[in-house]
Each structure stands twice: as structure tokens, then as C-alpha cells.
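**Q** I would like the atomic coordinates for the input below:
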Amino acid sequence: MRIDRLVGAATVATAVSLVVAAPGFTRPQTTNAPAILTVKVTITDHSVTVKPRSAVRGTNCIFVLTNRSKKMQRWVLGSIKRGKGKKIGFASTLKPDQQKTIVMFLDYRGSLPYTSSSAGTRTVKGSFRIR
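**A** Numbers count the residues shown, from 1 in each chain. This is a model prediction of the structure:
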């Protein structure tokens, strides 16, 4: 009878320890990876096409820049100045029929203006929204 009580007590103690430790097994040990979004930017002599035109904050954005014009184009997104209180952004110069890929983490919420310009043509302006 005494052995039955010891076995029963050991079984209960094991079950209680598993119940107490169970919440530790269900917690994730890592955070979710940020989303990855490809944004295609096509630049011509007279227009700029950005698809999609917005993204969610916290996304790793891959900007695929393609110059379909006959002139060298400079494309600027956001602010290229660095420092305290400055917005994010970059600038890139593309030769005719050149393609570049730029990766940027979107840690800003709001609208980022973009411009596309080349020598002798008008500047095309627009905005990319980060929600």
C-alpha cells in the first residue's frame, strides 16, 4: 500500500511539473521576419511608373529601378541627407536601358516624395506611401 502511494505521488508530481512547464514550450523563441515587397520602378523620357505605390511600415522593400529612356536618369526617393530627424531615402543614377536593385527597410511611416530627372527634360514628381 505504501508503494502505491509513492508511485501515485510521483505520478502527480510529474504531471504537475509538466503542467507548470507547458506554457514555456508554446512561446516562440524568435520574432516574425519582416515582409519582403518588390517595388518595380520604370522610368521613361516622360513618366515614372511605380508599382505598387505603397507599402506597410516594417517591410523590407526591394526597389527594381529600370531606365527605359534614351537619356541618363537620376531617381531620388525620400531624403538623401543623413542625420538626426531626417527621413529615409536614396538616390540612384541609371544609364539608358540599365537596371538596378536597391533594398531598403521601411522604418518610417508617411509619404516619401520621389523625383526623376535628366539633363534637358522636365522633372517628374510623385510620392510613395508607407502605411
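**Q** Quick check: Cys61 touching Val39?
**A** Yes - contact criterion Cβ atoms under 8 Å: Cys61 and Val39 qualify, at 5.7 Å. Every residue, glycine included, has its C-beta placed from N, CA and C.
**Q** Quickly list what's touching both of these two.
**A** Ala55 (Cβ atoms under 8 Å, 6 or more residues apart in numbering).
**Q** got the CA coordinates for the helix or strand harbouring Val50 in PDB?
**A** Using DSSP states H and E, Val50 maps to strand 48-51. Only the C-alpha atoms of strand 48-51 are listed here, as PDB (Å, rounded to 0.1, in the frame of the first residue of the first chain):
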ATOM      1  CA  VAL A  48       7.700  57.200 -64.000                       C
ATOM      2  CA  THR A  49       5.600  54.100 -63.100                       C
ATOM      3  CA  VAL A  50       5.800  52.800 -59.500                       C
ATOM      4  CA  LYS A  51       4.000  49.500 -58.700                       C
END
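**Q** ok, then the element right after that strand?
**A** Next along the chain after strand 48-51, taking DSSP H and E as the criterion, comes strand 54-55.
**Q** Give me the helices and strands touching the helix or strand that comes right after that next one, please.
**A** As assigned by DSSP H and E, the chain's next helix or strand after strand 54-55 is strand 60-67. Packing partners of strand 60-67 (3 or more Cβ pairs under 8 Å, 6 or more residues apart in numbering; DSSP states H and E): strand 36-43, strand 73-78, strand 89-94, strand 99-105.
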